[in-house]
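Trainee: Mind folding the following:
(one chain, ligands or ions: 3)
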Amino acid sequence: MSAKKINLVLKIALGYPLPLFDYLAPHDTSIENICIGMRICVPFGKKEVIGLIVEKGESTLPPSKLKAALSLPDTFALFSPEMITWFKQAANYYHHPIAEVIFTGLPALLKKNLPIAQLLSTRKSRLVQATPPKLEHNPLILTQEQEQAISAISSNLSQFTCYLLKGITGSGKTEVYLQAIERCLPKQVLILIPEIALAPQTCQRVIDRFGEKAAIYHSQLSPVKKLSAWHAAFSSEKQIIIGTRSALFLPFKNLGMIMIDEEHDISFKQQEGFLFSARDMAIWRAKLANIPIVLGSATPSLESLHNTHLNRFVPLVLSERPNEAMLPSVKLIDTNLEKLNQGLSHALILAMKKALASHQQSLLFINRRGYAPTIMCVQCFWQAKCPHCAGRLTYHLQYERLRCHVCVGAYQPFPTHCPSCQSPKIKAIGLGTERVESALSHLFPNAQIARIDSDTITTPKKLNTALDKIHSGESQILIGTQLLAKGHHFPNVTVVGILHIDSGLYSTDFRATERTAQLITQVSGRAGRANLPGTVYLQTALPQHPLLQAILLGGYDAFARYILNERQQTYLPPFSHLAIIRAKGKSKEALVETLSYLKSHLTCQQEVKLLGPIMSDSSRHKDFHQAQLWVLADKRSALQLTLKQLSDFSPPYSVKLAIDVDPLSTY
Ligand code: ADP
Ligand code: ZN
Ligand code: ZN
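Mentor: Ligands and ions are numbered 1, 2, ... in the order given. Purely as a prediction, here's the structure:
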């Protein structure tokens, strides 16, 4: 027995995508007095680094080969055994080194070898409180559907259930969150929202309702503010934290409920490094803690809808807007039948004129920023392409430059001559927000126009200023991208124009149709939110497309049924489980060779299909090529068994492999 004890070592995560490292306890501390989940300072190469203790166990190395850890900055564990279990689950599911999983949400300051109390002892650590016009301080009188949803959620607060709150835009989902939270206090609640840029209104409502009890957490906070929010969750000083993806990793002392607003949003999936879905990890976390979790959306993901059909999630429905506010009516405008005026149809222009005359607002959505997405030679059809990724360059009037939207920093002046045939006839083709803005300023010279895209909105403050101008009525016509499409309430908007969604209908990404339907529904949802009825003008060259017809006749539900049926026929998620093995590198041949080798050497159960390798659509990205191998399985366990074999495989030095489990984009 005693011989065994001598061999017990600490298995430590160091934050890099590497396995756990074995260390002996520091010389002055006995291993029995050290807890899993504590920070620890260890020698690593020539440096001293902070790691996290994940396990105690035996080492395969002889004691003489092991180094002793140096010191323990804290006297307590940062993470409960439950959280460590959760990290391990995620590492297994995503086939990602646990060392990096654990460090994903850890505030950078905790990598310093100082006690937390000392790291926090600065005035700058005061938590940000959003500053209150106060909107709606008091709980609203609930509609019957809201009351039913809240009763269901709070009926059993000490049991895991995943609820899908399916409420049309403007149906009062946020009020359901707020009052369900109230019933959960004093236990802690985590509210996850997609993007901080879209958060000001939701955050504000949470702060207005709960004041000092609530705090905001997102990745753009300063290091010390991050740490103090982290500590406020850890110490239960704050009961409610509203934040983006990274808030999921906060070590709540007494978590009682999780809410995920806009659960379908793709920003819940991390796109680099550790490719996790915050929604799915939140569900596992709720399950481990045995607490309810609420996924809310007007346009739920097909996965979540499917899960309600399988009785894994409990559906809660808000089918109406309170105060008799009506959903807008949708009109399809066939753009084949008329010559558009700068991209705008006659009917849309007329409706905007009427809205202006009656002091109402119009909102135009176009999912493309810049002036024009294509720069072409009229003589020889040469197109301006990015030298790094071969994608098309977009012309930006604001910067007087061509820019690549993939490779940041790839700027060029507008060409004076075609580099291929020397012709001076170069044209900007297609529409972006800037071009629509300039068209509108000619059509409506006296109107105040607000353009909301990531070129005009570079800080949260700018977004707030822009939103204030919209709410006060100073801005009469709004034009923008996704930034404008989601989450906002513009009670005085009665006309919505959707200008360019056709590419989403024939994309090679099988998820594109789902996103398009979500966008159409979300954008449409901005109109007619108060007592003014709204109309949506959807301009398309494909008015007979079955997807548009489904949305037109039966809304998002009809669309979802249509697409789910299609996915079942084609054996795609959620009717199968998909992982994409992505290979990245400078040589196409090496990528294809590596993936072909994998394809022929992976042993798969019968129901697993390996598809590929194929070069990815945006196959060059910042000078790198990308190839994919798809792994499709009808059972999750079969998928996992296949992927597990990759840990024994080391690709050639020039090829980087990444496993994307449950990918949200197939590019
Ligand atoms: P959603 O999140 O579903 O889009 P919100 O929760 O933002 O909708 O609610 C839309 C609007 O309806 C908000 O202005 C909100 O204050 C109002 N509202 C919500 N619930 C009620 C209610 N029970 N009675 C009156 N107004 C309500
Ligand atoms: Zn030319
Ligand atoms: Zn590029």
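
Trainee: Distance-wise, check the most centrally placed residue in the chain relative to ligand 3.
Mentor: With distances taken as Cα atoms, centre = their mean, the residue of the chain nearest its centroid is Ser267 (0.8 Å). Look at Ser267 and ligand 3: by Cβ to the ion, to the nearest Å, they are 22 Å apart. C-beta here means a position set from N, CA and C on the backbone, and glycine is covered the same way.

Trainee: Is it correct that Gln398 is in contact with Asp453?
Mentor: No. At 9.9 Å, Gln398 does not count as touching Asp453 under the criterion of Cβ atoms under 8 Å.

Trainee: So which of the two has more stuff around it?
Mentor: The residue with more neighbours, out of Gln398 and Asp453, is Asp453; 22 against 14, by other Cβ atoms under 10 Å.

Trainee: What residues sit buried inside stretch 541-556?
Mentor: Residues of stretch 541-556 classed as buried: 542-543, 545, 547-548, 550-552, 555-556 (neighbour count, 16 or more other Cβ atoms under 10 Å).

Trainee: what's the offset of it from the middle of its chain?
Mentor: The chain centroid and the centroid of stretch 541-556 are separated by 26 Å under Cα atoms, centre = their mean, to the nearest Å.

Trainee: What helix or strand is the nearest residue to Gly343 once chain neighbours are set aside located in?
Mentor: Setting aside the residues directly before and after it, Gly343 is nearest to Leu431 in space (Cβ to Cβ, 6 or more residues apart in numbering), at 4.5 Å. Here Leu431, judged by DSSP states H and E, is contained in no helix and no strand.

Trainee: Next: the one 10 residues further on.
Mentor: Using DSSP H and E, Ser441 sits in helix 433-443.

Trainee: helix or strand right after that helix?
Mentor: Next along from helix 433-443, by DSSP H and E: strand 449-452.

Trainee: May I have whichever helix or strand comes after that following strand exported as PDB, CA atoms only?
Mentor: Counting by DSSP H and E, the element after strand 449-452 in chain order, helix or strand, is helix 460-472. The C-alpha coordinates for helix 460-472 follow below in PDB (Å, rounded to 0.1, in the frame of the first residue of the first chain):
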ATOM      1  CA  PRO A 460     -20.700  49.100 -28.500                       C
ATOM      2  CA  LYS A 461     -21.000  52.800 -27.900                       C
ATOM      3  CA  LYS A 462     -21.600  53.500 -31.600                       C
ATOM      4  CA  LEU A 463     -24.300  50.800 -31.600                       C
ATOM      5  CA  ASN A 464     -26.000  52.400 -28.700                       C
ATOM      6  CA  THR A 465     -25.900  55.800 -30.300                       C
ATOM      7  CA  ALA A 466     -27.300  54.400 -33.500                       C
ATOM      8  CA  LEU A 467     -30.000  52.600 -31.600                       C
ATOM      9  CA  ASP A 468     -30.900  55.700 -29.700                       C
ATOM     10  CA  LYS A 469     -31.400  57.600 -33.000                       C
ATOM     11  CA  ILE A 470     -33.600  54.800 -34.200                       C
ATOM     12  CA  HIS A 471     -35.700  54.800 -31.100                       C
ATOM     13  CA  SER A 472     -36.100  58.600 -31.000                       C
END
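
Trainee: Within the sheet, what are the partner strands of the helix or strand following helix 460-472, with directions?
Mentor: The C-terminal neighbour of helix 460-472 among helices and strands, as given by DSSP H and E, is strand 477-480. In its sheet, strand 477-480 lies beside strand 361-365 (parallel), strand 449-452 (parallel), with partners assigned from DSSP bridges.

Trainee: Tell me which of those strands is the most buried.
Mentor: strand 361-365 (a mean of 28; mean count of other Cβ atoms under 10 Å).

Trainee: number of nearby residues for the closest residue to Ala450 other than its chain neighbours?
Mentor: Using Cβ to Cβ, 6+ apart and skipping the chain neighbours, the partner closest in space to Ala450 is Ser475 (3.8 Å). Per other Cβ under 10 Å, the neighbour tally for Ser475 reads 21.

Trainee: now Ser71
Mentor: Using other Cβ under 10 Å, Ser71 has 14 other residues around it.

Trainee: any chance of the buried residues of stretch 541-556 in JSON lines, plus secondary structure?
Mentor: Shown next, in JSON lines, are the buried residues of stretch 541-556 (DSSP: H, G, I helix; E, B strand; the rest coil):
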{"residue": "Leu542", "secondary structure": "coil"}
{"residue": "Pro543", "secondary structure": "coil"}
{"residue": "His545", "secondary structure": "coil"}
{"residue": "Leu547", "secondary structure": "helix"}
{"residue": "Leu548", "secondary structure": "helix"}
{"residue": "Ala550", "secondary structure": "helix"}
{"residue": "Ile551", "secondary structure": "helix"}
{"residue": "Leu552", "secondary structure": "helix"}
{"residue": "Gly555", "secondary structure": "helix"}
{"residue": "Tyr556", "secondary structure": "helix"}
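
Trainee: which other residues reach the helix holding Ser441?
Mentor: Here helix 433-443 makes contact (Cβ atoms under 8 Å, 6 or more residues apart in numbering) with 341-344, 349, 364, 366, 368-372, 396-398, 428, 447, 449, 451, 453, 455, 477, 479-481, 499.

Trainee: what does stretch 554-573 give?
Mentor: Contacts of stretch 554-573 (Cβ under 8 Å, 6+ apart): 298-300, 302-303, 305-306, 510, 513-514, 517-518, 521, 546-547, 550-551, 574-575, 578, 632, 634, 662.
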